[in-house]
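1. turn this into a model:
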Amino acid sequence: MATTIYQYYSFLCRLIAHPNSVLHTHPVLLMSMIIISVRLFCAVTLSTLIGLTASSQPKTLTILHTNDIHAAFIPHEATWSKQSPKPMVGGFKELEFAIDSIRKAKPDILLLDAGDVMTGNPITDRAYRGAEGGALFEMMNLVGYDAWCIGNHDFDISQKNLIGLTQIANFPSLSANIVNKKNEFPVNNKDYVILERAGLRIGIFGLMSQGLYGLVNQNNLVGIKVLSPVETAQKIIDKIDQETDLIIAITHQGVDQDSLMAANTHGLDIVVGGHSHTRLTRPRLVNDVIIVQTGSRCENLGELEVTVDNDKVAKYNGKLIQLWANNNRPATRLSALVDSMNTEIEKEYSEVIADLKVNWERGRGESNIGNFITDAQREGAHAEVGFMNSSGIRSNVSAGPLTKQELFEVLPFRNVLATFQLTGKELESVILFTKKRDEAVLFSGVTAKVKEISDGEFKLVEVKVNGKPLKKSRRYICAASDFMVGQSKKYLGLEIEHPIYLKQTVFQAVEKAVRKAKIITSKDEDRIQIIK
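-> Residues are numbered from 1 along each chain as shown. Modelled structure (predicted):
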């Protein structure tokens, strides 16, 4: 072949220099040159066509996703199941097994998480590699996540701790609309990344709910701004559109806000969502944008398969994989870490601290569990009145032996107990505000009879504080969590002045009350009655 090419080159040089002489003296060689040229042209053309065809062929990508894990690194009871005993579900061991099984069949996968990894289990109180809750992110490293977006509960300890968590993660922390006053990214977050999978260039960006300040203790958000999710999304889409074949938003704002964003942007392909704990068994399609979400607590793994053709999603199929626990999974590096952390926690939190004679069941309004917790806060703070936001109660508990871990799952936040003063007149305004606005606020030390005088308007008929008639001019010592103090305008309808923060958390106050009671028979007492 080398000789032929050399002869072809030499003949071409002579042809250029002496065309007439060569054409007359070497007709056979000229014919050979023509044949070689035709062959070369055909080979180059065919190669080009093959390349063009290959680059334009549809490509298939599998996206695996989780959201709102809430520190559920070990299996828990499937409370919705009607079986007895109820089966166990979730945990990182089962998550790893499911993901590895899919990887063996489909090597081109992308693994994403939509925030709220933290809060829900005592593992978030345990230091690991310099950050409390850091073991969760080490587990995510071992599972092989590609990216995540920050959730509101990931701020629950502090900004400093969140930065520590992002430094443990071997994958990018995305949140394009969380900035400081200088419009810099304050918690080691990035706006977007571009990754390659299955021959596709995939742009991924993260977004936080613009309601962040109503979701987190404001002491943990000093200097933080949350930009408009829709405007931020469109800016990034416009910026990376020419560099990518597929654009994905990982969001922590809830499925309704995801739908609004999808309807009000263009160029977005997929939203991997979180925050609302919505269990979308099939993807939702809004404005040709595919929206997925898995529920919460590591109970499901989302699997979305998309086929991309000419920078468009030509077809898709999404489902949820229920992560039923199986104790016979093979041992791995991750399972060893899970077991070691669980052993440490069980030593401290498996202790039975009381006998619960009734099911503790939370609700939006008054509940037996809410009454016990609100009373415990009031008593722990030596106050006359106690307040509790029902959304701060995070779990129900079945009757039976009550362990410290079960109580922690009810109250997983690091809320500090605070005291402050309100006049009797202000207490009256709080009662009316909560009824008019339908705010889910629980009361301790206060009973009232309220009459609805027109649609949405109420009148106080009777108010007592610890069994005695309320005095409007008197100042009453009140207790609530530091979170509720920071959100008092929302929950109570007024600003709290001069709060005193105690050296005691809400959990500690409630744990003390539980241990003291030993046998618990708390009930719904209809403390704020609506009368006709």
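2. quick check: the spatially most central residue of the chain vs residue 515, distance?
-> Nearest to the mean C-alpha position of the chain, counting by CA atoms, centre = their mean, stands residue 115 at 2.4 Å. Going from residue 115 to residue 515 by CB to CB, to the nearest Å gives 35 Å. Where you see a C-beta, it was placed from the backbone N, CA and C, and this is true even at glycine.
3. what is the burial count for the closest residue to the residue nearest to the centre of the chain other than its chain neighbours?
-> Nearest non-adjacent residue to residue 115, counting by CB to CB, 6 or more residues apart in numbering: residue 151, 2.7 Å away. Residue 151 has 31 neighbours, counted by other CB atoms under 10 Å.
4. you'd agree residue 151 is up against residue 120?
-> No - taking contacts as CB atoms under 8 Å, residue 151 lies outside contact range of residue 120: 11.7 Å.
5. low pLDDT regions in this protein?
-> 1-56 (pLDDT under 70).
6. contacts for stretch 425-438?
-> 385, 387, 422, 439, 441, 443, 446, 448, 450, 456-458, 460, 463, 465, 470, 472-473, 476, 491-494, 528, 530 (CB atoms under 8 Å, 6 or more residues apart in numbering).
7. check which residues of that stretch are buried.
-> Along stretch 425-438, these residues count as buried under the neighbour rule (16 or more other CB atoms under 10 Å): 426-435.
8. closest one of those to residue 81?
-> Checking the buried residues of stretch 425-438 against residue 81 with CB to CB, the nearest one is residue 434 at 35.0 Å.
9. which element, helix or strand, includes that closest one?
-> helix 424-437 (DSSP states H and E).
10. what's the neighbour count on the residue nearest to residue 210 when sequence neighbours are not counted?
-> Distances taken as CB to CB, 6+ apart place residue 226 nearest to residue 210, at 5.0 Å, with adjacent residues excluded. The local packing of residue 226 (other CB under 10 Å) involves 19 other residues.
11. pretty sure residue 226 contacts residue 212?
-> Yes - assessed by CB under 8 Å, residue 226 is found in contact with residue 212 at 5.0 Å.
12. may I see the ChimeraX selection of the buried members of the contacts of stretch 425-438?
-> Typed into ChimeraX, the line below selects the buried ones among these, using 16+ other CB under 10 Å:
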select :385,387,422,439,441,443,446,448,450,458,460,463,465,470,476,491,492,493,528
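13. now, the contacts of stretch 425-438 that are in strands?
-> 385, 387, 422, 441, 443, 446, 448, 450, 457-458, 460, 463, 465, 476, 528, 530 (DSSP state E).
14. out of these, flag the one nearest to residue 292.
-> Nearest member of the ones in strands among the contacts of stretch 425-438 to residue 292, counting by CB to CB, is residue 441, at 34.3 Å.
15. and the spatially closest residue to that closest one that is not a sequence neighbour, how far is that from residue 450?
-> Closest residue to residue 441 apart from its sequence neighbours, by CB to CB, 6+ apart: residue 434 at 4.6 Å. For residue 434, the distance to residue 450 equals 10 Å [CB to CB].
16. please enumerate the shared neighbours of the two.
-> residue 528.
17. thinking again about what came up before, so which of the ones in strands among the contacts of stretch 425-438 would you say is closest to residue 70?
-> So of these, ranked by how close each gets to residue 70 (CB to CB), first place is residue 441, at 23.6 Å.
18. shouldn't the closest one be in contact with residue 492?
-> Yes - counting by CB under 8 Å, residue 441 touches residue 492, with 7.0 Å between them.
19. what's the burial count for residue 87?
-> 12.
20. which parts of the stretch 251-400 of the chain are helices?
-> 255-263, 333-349, 368-380 (DSSP state H, counting those that start in this stretch).
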